[in-house]
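J.: I'd like to go over a predicted model; first the sequence, then the structure.
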Amino acid sequence: MNPSPEICNKLIDVNDLEKPGWRGIIDEMHELMKVPERNRKSFCHCTDRRSLIHRAEIESYKHWEYPWTIVHGSFEPGMPVLDCGCGRGFLQIYLALKGCNVHSVDVSTMKTKDLRKFWNLVQKYKLPLKENRESAIKNLAKRYNTSINFKVASISRLPYENASFDRVYCISALEHMNPGEDEEAVREMCRVLKPGGRLLITVDFSPVSLPDRRSYNANDIVKMIKISGLELSGKLDYACADWRSHLAELEMHFLEKNAHVSSAAFVLLKR
Ligand SMILES: C[S@@+](CC[C@H](N)C(=O)[O-])C[C@H]1O[C@@H](n2cnc3c(N)ncnc32)[C@H](O)[C@@H]1O
């Protein structure tokens with residue numbers, strides 16, 4: 001599916017979820033992940049037999065961000081691609097299963113303050129959790145019978161040569177970094193991208209700054225594009241005629257309370 005350049009760089013749009021191609025991608029992912037049919041209906045939560053609520057295997061907003069990245073990424077088998085801030089995200093597995101040569105990075109569970117705090121609690125209460133992200137990704141890849149070249153590294157200091165990848169993508173990770181560190185990260189992602197390659201980014205978006213979480217507005221994104229020195233594919237389209245209705249619509253679709261933020265996505269080209 002070839003995207004129209006005019007609609008590349010935009011806010012999350014729940015209408016996209018109704019496009020057969022986009023819905024088909026999430027259905028295919030659920031199929032690959034063997035998510036039970038009954039749990040695929042909800043965008044946000046899965047329930048088990050005891051009606052306990054779990055986070056969905058593919059989180060709510062990712063039902064938009066993953067198809068958006070796939071549709072605009074034009075990934076091809078054999079292509080070296082880099083997933084920055086991969087987490088336990090399923091997109092890396094999906095692309096590996098499609099034949100891409102997938103590399104991914106994320107910070108060590110022990111390297112950020114919040115995660116260290118979390119790990120201390122895990123140890124205190126003797127919870128049966130492994131802290132090693134490397135083995136977590138390895139196990140995930142093994143479960144789906146594919147391979148991922150994962151490295152523990154910060155996006156702001158990528159352990160790769162210049163011009164190593166045809167595609168670099170970063171889904172919902174920049175807003176989790178400190179101010180300034182995200183700028184370094186953007187420079188690094190550009191550095192490791194090959195000429196002719198695409199950088200695909202999604203970030204939490206809000207027109208106003210929020211007290212409890214980091215998000216980007218349109219000016220922040222324009223600044224980030226300038227820092228990258230890359231060319232924007234198409235136009236930015238972050239105008240929202242009625243912000244309240246937009247958030248209410250998102251909340252309804254994603255079944256989340258207090259959806260203060262939207263998500264914005266953009267594609268940059270390296271000439
Ligand atoms: C909301 S999760 C998104 C995970 C994944 N991209 C997905 O689509 O599911 C944000 C991820 O960014 C990672 N992250 C935060 N700061 C980072 C940094 N400096 N370098 C690499 N990863 C980072 C976090 O550890 C976390 O896994």
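T.: Okay, I see it.

J.: for the stretch 101-250 of the chain, which spans come out with low pLDDT?
T.: Residue ranges of the stretch 101-250 of the chain with pLDDT under 70: 108-116, 119-120, 122-123, 126, 128-131.

J.: quick one: name the residues of it near the ligand.
T.: Residues of the stretch 101-250 of the chain found near the ligand (C-beta under 6 Å from any ligand atom) are 105, 106, 107, 154, 155, 156, 171, 172, 173, 176, 177. All C-beta spots, glycine's among them, are computed from the backbone N, C-alpha and C.

J.: how about the residues you listed in TSV, adding distance to residue 211?
T.: Converted to TSV, those look like this (distance: C-beta to C-beta, whole Å):
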residue	distance to residue 211
105	30
106	27
107	24
154	26
155	25
156	25
171	24
172	20
173	21
176	17
177	18
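
J.: show only the entries of those found in helices.
T.: If you go by DSSP state H, these have nothing in helices.

J.: out of the residues you listed, which are buried?
T.: Buried members of those, scored by 16 or more other C-beta atoms under 10 Å, are 105, 106, 107, 154, 155, 156, 171, 172, 173, 176, 177.

J.: pretty sure residue 200 contacts residue 169?
T.: Yes. Using C-beta atoms under 8 Å, residue 200 is in contact with residue 169, at 4.2 Å.

J.: okay, and the common contacts of the two?
T.: Shared contacts of residue 200 and residue 169, defined by C-beta atoms under 8 Å, 6 or more residues apart in numbering, are found at 69, 73.

J.: what about the two, which has more around it?
T.: Legend: neighbour count by other C-beta atoms under 10 Å for residue 200 and residue 169, higher for residue 169 (30 against 23).

J.: give the contact list for that one.
T.: So residue 169 contacts 69, 73, 81, 82, 83, 84, 91, 199, 200, 201 (C-beta under 8 Å, 6+ apart).

J.: now with 7 Å, please.
T.: 69, 73, 83, 84, 200 (C-beta atoms under 7 Å, 6 or more residues apart in numbering).

J.: want to throw these into a markdown table with secondary structure?
T.: Putting the contacts of residue 169 into a markdown table (DSSP: H, G, I helix; E, B strand; the rest coil) gives the following:
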| residue | secondary structure |
| --- | --- |
| 69 | helix |
| 73 | helix |
| 83 | strand |
| 84 | strand |
| 200 | strand |
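
J.: need the max-distance pair from those.
T.: 73 and 84 (13.4 Å; C-beta to C-beta).

J.: neighbour count: those two, which is higher?
T.: More neighbours surround residue 84 than the other of residue 73 and residue 84, with 26 against 21 (other C-beta under 10 Å).
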